[in-house]
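Chemist: Generate a structure from the sequence data that follows.
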Amino acid sequence: MNDKQIVNEINRLAEEEHRLEEAHVGEGLTTEESEKLRTIEVSLDQCWDLLRQRRARRNAGQDPDEAAARPAPVVEHYQQ
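Modeler: Predicted structure coming up:
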């Protein structure tokens with residue numbers, strides 16, 4: 001994936017996340033919807049991480065295409 005494709009995926013996932021959240025304002029999500037939301041959140045974290053890796057590699061004079069998506073347990077345990 002190139003940077004533009006990653007940004008497009010981030011936008012798609014963010015829109016899906018907002019639609020799901022807005023559809024249930026004042027109501028709780030079903031178990032299935034909660035799982036879907038969690039999957040979206042993890043995917044967003046992975047996309048952002050990949051985009052940051054690519055930008056860092058480019059800024060360091062390295063090939064951004066050598067960046068790779070990291071597994072969910074890795075990106076989910078980053079300190080904010």
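
Chemist: residues touching the closest residue in space to residue 50 that isn't next to it in sequence, list them.
Modeler: Leaving out its chain neighbours, the residue that sits closest to residue 50 by Cβ to Cβ, 6 or more residues apart in numbering is residue 69, at 5.0 Å. In short, each C-beta sits where N, CA and C put it, glycine included. Counting by Cβ atoms under 8 Å, 6 or more residues apart in numbering, residue 69 touches 46-47, 49-50.

Chemist: With pLDDT as extra columns, can I get those residues in JSON lines?
Modeler: Output for those, formatted as JSON lines (pLDDT from 0 to 100):
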{"residue": "46", "pLDDT": "96"}
{"residue": "47", "pLDDT": "97"}
{"residue": "49", "pLDDT": "95"}
{"residue": "50", "pLDDT": "97"}
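
Chemist: What is the most widely separated pair among those?
Modeler: Greatest spatial distance among the contacts of residue 69 (Cβ to Cβ): 47 and 49, at 7.2 Å.

Chemist: Select from the contacts of residue 69 the one having the most neighbours.
Modeler: residue 47 (23 neighbours; other Cβ atoms under 10 Å).

Chemist: Quickly find the element holding that residue.
Modeler: helix 31-59 (DSSP states H and E).

Chemist: which residue packs closest to the residue nearest the centre of the chain, ignoring adjacent ones?
Modeler: By Cα atoms, centre = their mean, the chain has its centre lying nearest to residue 44, at 1.2 Å. Nearest residue to residue 44, sequence neighbours excluded (Cβ to Cβ, 6+ apart): residue 13, at 5.0 Å.

Chemist: Next, work out how far apart the one you found and residue 64 are.
Modeler: Counting by Cβ to Cβ, to the nearest Å, the gap from residue 13 to residue 64 is 21 Å.

Chemist: More neighbours: those two, which one.
Modeler: Using other Cβ under 10 Å, the more surrounded residue of residue 13 and residue 64 is residue 13, with 20 against 17.

Chemist: okay, the more buried one: pLDDT?
Modeler: Turning to residue 13, the model gives it a pLDDT of 98.

Chemist: what sits against it?
Modeler: Residue 13 touches 40, 43-44, 47, counting by Cβ under 8 Å, 6+ apart.
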